[in-house]
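Undergrad: dropping the sequence and predicted coords here.
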Amino acid sequence: MITRSEENYIKAILSINLEKNSIVLTNEIAKILETSAASVTEMIKKLQDKKLVIYEKYKGVKLSKAGRIKAFEILRKHRLWETFLVNKLDFSWGEVHEVAEQLEHIKSEKLTDKLDHFLNYPKFDPHGEPIPTKSGIIPSTKRITLSEMKINSEGIIMGVSLDNKEFLDHLTKISISIGTKIEAIDRIIFDQSMKIKINSKIEHVSKEIANNILIKVN
């Protein structure tokens, strides 16, 4: 059996690996799980005993084949539940992460498969993150950040790279969500903030916000 805490660790390792495509450092895991490096090292030893990870001292950790299969299963459940909560229960995209963190630990494979079917096999969750298929395939998409957009170009918002409630609530406040059409109007040289047009309305966003909004350019 694998515990809930162990599931959280292997999901974190997978998420970091998918983002950087390299071996994962213990301090990276500690940061994402908001825990100490000592706690991470202790847990990695447990995961290694269960043959879920491969750990090299002073180098880092990667998932074993069994660990990767399990981590993809958890990630799939998490993102399917987020999609269900937003699309069917009208949760805001700033609310769903914490609830999905609880629901992802439900063990029923049948429930996950039925949820996937009920949602018509979505490829992306409400934050624009790809949802792994049951076989562990990640849908691909070409995205750039808002800050990389050329001035006077248009695009569609595909997601965000920062899963933070305050950040997502702010985006909702200025009418930004998945699928929103956006136009880059101007970039302020002084602080690299941007003027954008959304639904015929002009908004001003900071460099940090622009760096964390993902765009599919037309």
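TA: Sure thing, it's come through.
Undergrad: from now on I want contacts and neighbour counts done on CA atoms only, so please keep to that.
TA: Noted.
Undergrad: okay, now the domains of the chain?
TA: 4-63, 75-140, 144-217 (automatic domain parsing).
Undergrad: compare these and give me the one nearest Ile69.
TA: Across the domains of the chain, Ile69 has its closest neighbour in domain 75-140 (7.1 Å, Cα to Cα).
Undergrad: from Glu101, how far out is Met158?
TA: Per Cα to Cα, to the nearest Å, Met158 is found 22 Å from Glu101.
Undergrad: between the two, who's got more neighbours?
TA: Shown here are Met158 and Glu101; by other Cα atoms under 10 Å, Met158 has more neighbours (26 against 17).
Undergrad: thought that one was touching Ile215?
TA: Yes: assessed by Cα atoms under 8 Å, Met158 is found in contact with Ile215 at 5.3 Å.
Undergrad: any residues in contact with both of the two?
TA: Shared contacts of Met158 and Ile215, defined by Cα atoms under 8 Å, 6 or more residues apart in numbering, comprise Arg143.
Undergrad: got any ranges where the protein has weak pLDDT?
TA: Under the criterion pLDDT under 70, the flagged ranges of the chain are 218.
Undergrad: on that earlier part again, can you lay out the domains of the chain as TSV showing distance to Ile69?
TA: Written out in TSV, the entries for the domains of the chain read as follows (distance: least, Cα to Cα, whole Å):
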stretch	distance to Ile69
domain 4-63	9
domain 75-140	7
domain 144-217	24
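Undergrad: so what sits opposite Gly159 in the bridge?
TA: Leu214 (DSSP bridges).
Undergrad: can I get stretch 203-218 in CSV, CA atoms only?
TA: Once non-C-alpha atoms are left out, stretch 203-218 reads as follows in CSV (Å, rounded to 0.1, in the frame of the first residue of the first chain):
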residue,chain,number,x,y,z
GLU,A,203,-6.4,46.3,-18.7
HIS,A,204,-2.9,46.9,-17.3
VAL,A,205,-1.0,43.8,-16.0
SER,A,206,2.3,43.6,-14.2
LYS,A,207,5.4,41.7,-15.5
GLU,A,208,4.8,39.0,-12.9
ILE,A,209,1.2,38.4,-14.0
ALA,A,210,2.3,38.4,-17.7
ASN,A,211,5.0,35.9,-16.9
ASN,A,212,2.4,33.4,-15.5
ILE,A,213,-0.3,33.6,-18.2
LEU,A,214,0.0,31.0,-21.0
ILE,A,215,-1.1,32.0,-24.5
LYS,A,216,-1.7,30.2,-27.8
VAL,A,217,-0.9,32.7,-30.4
ASN,A,218,-3.3,33.0,-33.4
